[in-house]
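Colleague: Have a look; sequence and predicted model below, questions after that.
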Amino acid sequence: MCQVCLRQGVYNCSDIEVHHAIKIDEGKELAFKPNNLVTLCKKHHDQADDGKIKLEIIKAIINEQEMIKKI
């Protein structure tokens, strides 16, 4: 499910991709770390890659997911 769409109240499971908050070429050791990954639809993945969705927002979503896992 796209985590950005979800925060907008939309349950979108179409065209889901995995986004790396820290790009693989910038941190290969983070490539498969859950605290660097978030599921996004293609539209939001492209926006995140283009910087239209700021890294701080992506990291906040990932941190929120990590907190939920601990509950």
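Modeller: That came through, no problem.
Colleague: Show me what counts as buried in the longest helix along the chain.
Modeller: Counting by DSSP state H, the longest helix found in the chain is helix 55-70. Within helix 55-70, the residues that qualify as buried by neighbour count (16 or more other C-beta atoms under 10 Å) are 58, 61-62. C-betas here are computed from N, CA, C, even on glycine.
Colleague: Let me know the secondary structure of residue 18.
Modeller: Following DSSP: H, G, I helix; E, B strand; the rest coil, the label given to residue 18 is strand.
Colleague: An error on my part: the question was meant for residue 39.
Modeller: Residue 39 - assigned by three-state DSSP - is strand.
Colleague: Report how many residues lie close to the nearest residue to it once chain neighbours are set aside.
Modeller: Nearest residue to residue 39, sequence neighbours excluded (C-beta to C-beta, 6 or more residues apart in numbering): residue 16, at 5.4 Å. Counted with other C-beta atoms under 10 Å, residues neighbouring residue 16 total 16.
Colleague: got it, and residue 5?
Modeller: If we define neighbours as other C-beta under 10 Å, then residue 5 has 19 of them.
Colleague: for the one 5 residues further on, same thing?
Modeller: For residue 10, the count of nearby residues is 11 (other C-beta under 10 Å).
Colleague: No more questions from me, cheers.
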